[in-house]
Each structure stands twice: as C-alpha cells, then as structure tokens.
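Chemist: Just to be clear, the model below is a prediction. Sequence and coordinates:
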Amino acid sequence: MPSRAIAIKSTGLVTSVGLSAPATCAAIRAKISNPTETRFIDSGGEWIMAHQVALEKPWRGRTKLTKMAAMAVAECLEGIPREHWPSIPLLLCVAERERPGRLEGLDDQLFLEIQKELEASFARSRA
C-alpha cells in the first residue's frame, strides 16, 4: 500500500501553562509549571495535584475537551480563509478505548462537537 506524506504547516496548543502555542512554548522554555489541586484525594489523604487548563468557565468532561480542541484547531487555522476549511482533514488522536477514565463518545462525538463549536466543517478522512 503506498504511503502518503503528511506535512505539519501549523500548530495549536492549549495547556495548563498557556492557551496558545507561543504562550505554551515560552512557558516551557522558562521552565514554568502550573500544577493545581484537583477534586481528588490519594490513598494517603493528600490532594492530588495535576496540570489543569483554566478556561473562562468551569466546563468539565467532553465539553471542556471540545472547547480546548476547538481553540487549538482555530489556532492552527489562523490565516486560512474559512471557505477552505471544508477541504482540510482534521486528524484527532484520542485516548485508547481501554484507558481508565476515558470519556464516553470520543470516537463518535468529538469530531462533530469541534465542528459545531467552530461553526465549521472539515474533510472526512477514513480510519
């Protein structure tokens, strides 16, 4: 089967240390870390620390994941006219099915929810 090359032309990042690729990369270069207490306690009774992304509202679950992914996708598409977006394939990598804590509907709904969030459509690709 012939292989096709993939070229990365742009990046987008949404992380606990920056809501864009430039902000995140600057924080990483500066060795900035941003762990915060979660809502969870470990077996020793201590609060579990994690790198959480703070957004404008306290969304959780797939809604938060959709918002973060849409922000990263929008950053990648800056400068590309919206009328060209339907010809661009959107490649999503999500947690494997057997991963503990994996959100329901990632395979079926995330792509559709990102499109809805961005009020856009993207080229369908095959698995």
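Modeler: Now that the structure is in, tell me what you want to look at. Values in this document were obtained by computation on a predicted structure and should not be read as measured data.

Chemist: Next, the contact list for Leu90, please.
Modeler: 73, 111, 114, 122-123, 125 (C-beta atoms under 8 Å, 6 or more residues apart in numbering). From N, CA and C alone the C-beta is placed, and that goes for glycine too.

Chemist: Inside helices: which ones of those residues?
Modeler: Counting by DSSP state H, the part of the contacts of Leu90 found in helices is 73, 111, 114.

Chemist: From those residues, pick the one nearest Lys64.
Modeler: Ile114 (12.6 Å; C-beta to C-beta).

Chemist: And this protein, what are its domain boundaries?
Modeler: 10-54, 56-127 (automatic domain parsing).

Chemist: can you tell me which of those comes nearest to Arg4?
Modeler: Across the domains of the chain, closest to Arg4 is domain 56-127 (C-beta to C-beta), at 11.1 Å.

Chemist: ok, back up a step: got the contacts of Leu90 as TSV, with pLDDT, neighbour count and distance to Glu83 columns?
Modeler: Listed next are the contacts of Leu90 as TSV, based on pLDDT from 0 to 100; neighbours: other C-beta atoms under 10 Å; distance: C-beta to C-beta, whole Å:
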residue	pLDDT	neighbour count	distance to Glu83
Val73	96	22	16
Phe111	91	19	20
Ile114	94	23	18
Phe122	89	19	13
Ala123	85	10	13
Ser125	57	10	20
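
Chemist: which one among these gets closest to Gly45?
Modeler: The shortest approach to Gly45 among the contacts of Leu90 belongs to Ile114, at 38.5 Å (C-beta to C-beta).

Chemist: Now do the contacts for Phe40.
Modeler: 47-48.

Chemist: Which residue is the nearest non-sequential neighbour of Val53?
Modeler: Closest residue to Val53 apart from its sequence neighbours, by C-beta to C-beta, 6 or more residues apart in numbering: Ser16 at 5.4 Å.
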